[in-house]
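[1] structure for this input, please:
(2 chains)
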Number of protein chains: 2
Amino acid sequence: MTDKFSLKSTYGIGVDIGGTKILVLIADDSGNVVLREKTKTSRDIDEIIDTVCSYIKKTGIPFQQIAGIGLGVPGRVNSRKGLALDSPALQWVNLELKVLFGKKLGLPIFVHNDVSLAVMGERWLGNGKNSDNIFYLAVGTGVGSAIITNGEIIEGFNFSAGEIGYFIDKNDIQEGRKNSFLDFGTFERKTSGTTLDEKGLEYGYSPPKLFEQYRSNNLKVIPIIKDFVLDISIAIANVISLINPEIVIIGGGVSESMGCVIEEIKSCVKNLNPIPTKIELSKLGGEAGAFGGIACVFEEVKKLKKSGG
Amino acid sequence: MTDKFSLKSTYGIGVDIGGTKILVLIADDSGNVVLREKTKTSRDIDEIIDTVCSYIKKTGIPFQQIAGIGLGVPGRVNSRKGLALDSPALQWVNLELKVLFGKKLGLPIFVHNDVSLAVMGERWLGNGKNSDNIFYLAVGTGVGSAIITNGEIIEGFNFSAGEIGYFIDKNDIQEGRKNSFLDFGTFERKTSGTTLDEKGLEYGYSPPKLFEQYRSNNLKVIPIIKDFVLDISIAIANVISLINPEIVIIGGGVSESMGCVIEEIKSCVKNLNPIPTKIELSKLGGEAGAFGGIACVFEEVKKLKKSGG
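    Take a look at the predicted model:
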């Protein structure tokens, strides 16, 4: 197995724990992947740890050559404490992930919200390369976001930053739409994959098919996608006004079908906001979070080396 | 004059350069003010420096006891370089304030956008005391904002963060309202003092009078202020979704008349967004920026001491 890695290198592990599957990547500090595995999600933390452990063994890399593990969790995370505060998708509340993983594996563990991890991945190897000011919009089953400013992830006072699903406007209020905890937000209800699913159902189209039909000028589909493009563009324009990122990256499952509307979004945002800002689709796609886990491991290693630790 | 200050203390100077007037405060590191002066704005930088110099002499404090000067400028500022990038109100472009002030006064100079300085003032002595996550909304002639997250001011990639005046929604688009550089933004056109001025003119009311009449249930005025409250509340709710501040502080000239609507804004925001967030009017009012100038001087001194400089 020694052909898979160099004995001189160190490796990082990224574990993106999603609502339905877990993606594990092991790579060196240049992003060369030595292991890429996907498995079904478990809520049992010991089972997840055992799975990660078996993957490490599979690579043959000795534990001493592993710099750490970066974990991504859907939900609110206190990254300083390595604590999953609440993850409705996994039914976790105040779960001490850092302690549990660390105790069993004896490795440095870093825990972040999954979307925060995705933006770190894009900064390392994706479309936000080396930028200190990135906004990442995740359009998937739900809609979330993550922010890097001044080179740092913003978690917010209650670790709730990035909850763009709650964006609301006067029309929402006039039409009685509301935001409440544990429910889809007003913006999310307009732009998520779930909503596109529902809207496409009438015509028998999945979200990818909707975008395909839009490109083919299917008149029934055009208003659905036009609305989607406008809603997404308004939100991006407002984010730009507030935090002035260098680049906006659109990721998440739905973004994989958005190639045919990205130029439209760019030109719409440009019409809404005069601050010049790059807008791109995610480069790393569904692997952004797991790559971000590895990125945060190597960032911490760098910080430790700098401070002489 | 020695009764005015202790020889053991050091002092900071805050200079808030506005479009019409300059406010200068000199205080010790507990915020005890030894000088408070207001003068008409000048675009001539030498004149401003001479004025500040004459104020210092007036206090009798020796220059060695002054830790530095914090300057606030309306417009885009590169704080790292101490450069006023563009200030339409003062017709300054790429003005090297740090260099010019530093050369003439021989003191450490720190330059920030005026609203950024105001949020630093509120963090030091106002309603955001010791908070690392503050959103400051300035409602004055125009509407601006400033953000502290992770304990740091967000300037953004092009030093344009906080341009909340550009917030836009579907109604704006449908009704043909647009954002462009050097013009009032779509949100600003609904909520600024200038707009309240125009709306009040019809009835002969200034903005403070409008709020007074609202409190007295003047039926003509109620829709104007209700609209204002709703627009401000929606913007605050959306900011909370994105950056999750601990506290939202509303400052700027108009805020001085907003005591009668602050409870309404709190309850409206609470209805729009489930993330619990404090909302308060500015404590320092028109002096927040100048106090922020002093705050940033002492913060830099602390940093230097920490790093052994």
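[2] neighbours of the closest residue to chain B within the stretch 201-309 of chain A, how many?
    Among residues of the stretch 201-309 of chain A, the one nearest chain B by C-beta to the nearest C-beta turns out to be A:N244. It sits 2.5 Å away. Any C-beta I mention is one placed from the backbone N, CA and C, and that applies to glycine too. Per other C-beta atoms under 10 Å in any protein chain shown, the neighbour tally for A:N244 reads 23.
[3] that one and B:S160 touch, don't they?
    Yes. Using C-beta atoms under 8 Å, A:N244 makes contact with B:S160 at a distance of 4.3 Å.
[4] between these two, which contacts overlap?
    A:I275 (C-beta atoms under 8 Å, 6 or more residues apart in numbering or on different chains).
[5] please name the residues that touch the residue of the stretch 201-309 of chain A closest to chain B.
    When contacts are counted by C-beta under 8 Å, 6+ apart, A:N244 touches A:133, A:275, A:277, B:154-163.
[6] which one of the residues you listed is nearest to B:G18?
    B:G18 lies nearest to B:G162 out of the contacts of A:N244, by C-beta to C-beta, at 16.7 Å.
[7] so that closest one: helix, strand or coil?
    Under the three-state scheme (DSSP: H, G, I helix; E, B strand; the rest coil), B:G162 adopts coil.
[8] if we can go back for a sec, skip the chain neighbours and tell me the closest residue to the residue of the stretch 201-309 of chain A closest to chain B.
    B:G156 (2.5 Å; C-beta to C-beta, 6 or more residues apart in numbering or on different chains).
[9] burial measure for the one you found, as a count.
    Counted by other C-beta under 10 Å, the residues lying close to B:G156 total 23.
[10] now swap in the one 5 residues further on and tell me
    By the other C-beta under 10 Å criterion, the neighbourhood of B:A161 contains 27 residues.
[11] angles on the backbone of it, please.
    phi -60, psi 150 (degrees, to the nearest 10).
[12] give me the pLDDT value at the residue nearest to it when sequence neighbours are not counted.
    Of all residues beyond its chain neighbours, the one nearest B:A161 is A:N244 (4.2 Å), with distances taken as C-beta to C-beta, 6+ apart. At A:N244 the predicted local distance difference test score is 98.
[13] who does the strand or helix carrying A:A67 pair up with?
    Secondary-structure assignment from DSSP states H and E places A:A67 in strand A:66-73. Strand pairing for strand A:66-73, using DSSP bridges, gives strand A:11-17 (parallel), strand A:109-113 (parallel).
[14] for the strand or helix carrying A:S54, list the C-alpha coordinates in CSV.
    Element membership for A:S54, per DSSP H and E: helix A:45-59. Taking only C-alpha atoms (Å, rounded to 0.1, in the frame of the first residue of the first chain), the coordinates of helix A:45-59 have been written out as CSV:
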residue,chain,number,x,y,z
ILE,A,45,-21.7,8.4,16.6
ASP,A,46,-19.7,5.2,17.5
GLU,A,47,-20.7,3.7,14.2
ILE,A,48,-19.5,6.8,12.3
ILE,A,49,-16.2,6.7,14.2
ASP,A,50,-15.7,3.0,13.4
THR,A,51,-16.4,3.6,9.8
VAL,A,52,-13.8,6.4,9.6
CYS,A,53,-11.4,4.2,11.5
SER,A,54,-11.8,1.4,9.0
TYR,A,55,-11.2,3.8,6.1
ILE,A,56,-8.0,5.0,7.6
LYS,A,57,-6.8,1.4,8.0
LYS,A,58,-7.8,0.7,4.4
THR,A,59,-5.3,3.4,3.2
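[15] elements contacting that helix?
    Here helix A:45-59 is seen to pack against strand A:11-17, strand A:21-28, strand A:33-40, helix A:97-105 when contacts are counted using 3 or more C-beta pairs under 8 Å, 6 or more residues apart in numbering or on different chains; DSSP states H and E.
[16] nearest to B:A237, out of these?
    Across the helices and strands packed on helix A:45-59, the minimum distance to B:A237, taken as C-beta to C-beta, is reached by strand A:11-17, at 30.2 Å.
[17] most tightly packed of the strands paired with strand A:66-73?
    Scoring the strands paired with strand A:66-73 by mean neighbour count under mean count of other C-beta atoms under 10 Å in any protein chain shown gives strand A:11-17 as the most buried, with a mean of 28.
[18] what angle do that strand and helix A:45-59 make?
    Between the direction of strand A:11-17 and that of helix A:45-59, the angle (axes from the mean of the first three to the mean of the last three C-alpha atoms, to 10 degrees) works out to 140 degrees.
[19] what mean pLDDT would you report for strand A:11-17?
    98.
[20] can you report phi and psi for the residue in the stretch 51-200 of chain A that chain B sits nearest to?
    Each residue of the stretch 51-200 of chain A has a distance to chain B, by C-beta to the nearest C-beta, and the smallest belongs to A:G156, at 2.6 Å. Backbone geometry at A:G156, expressed as degrees, to the nearest 10, gives phi 90, psi 170.
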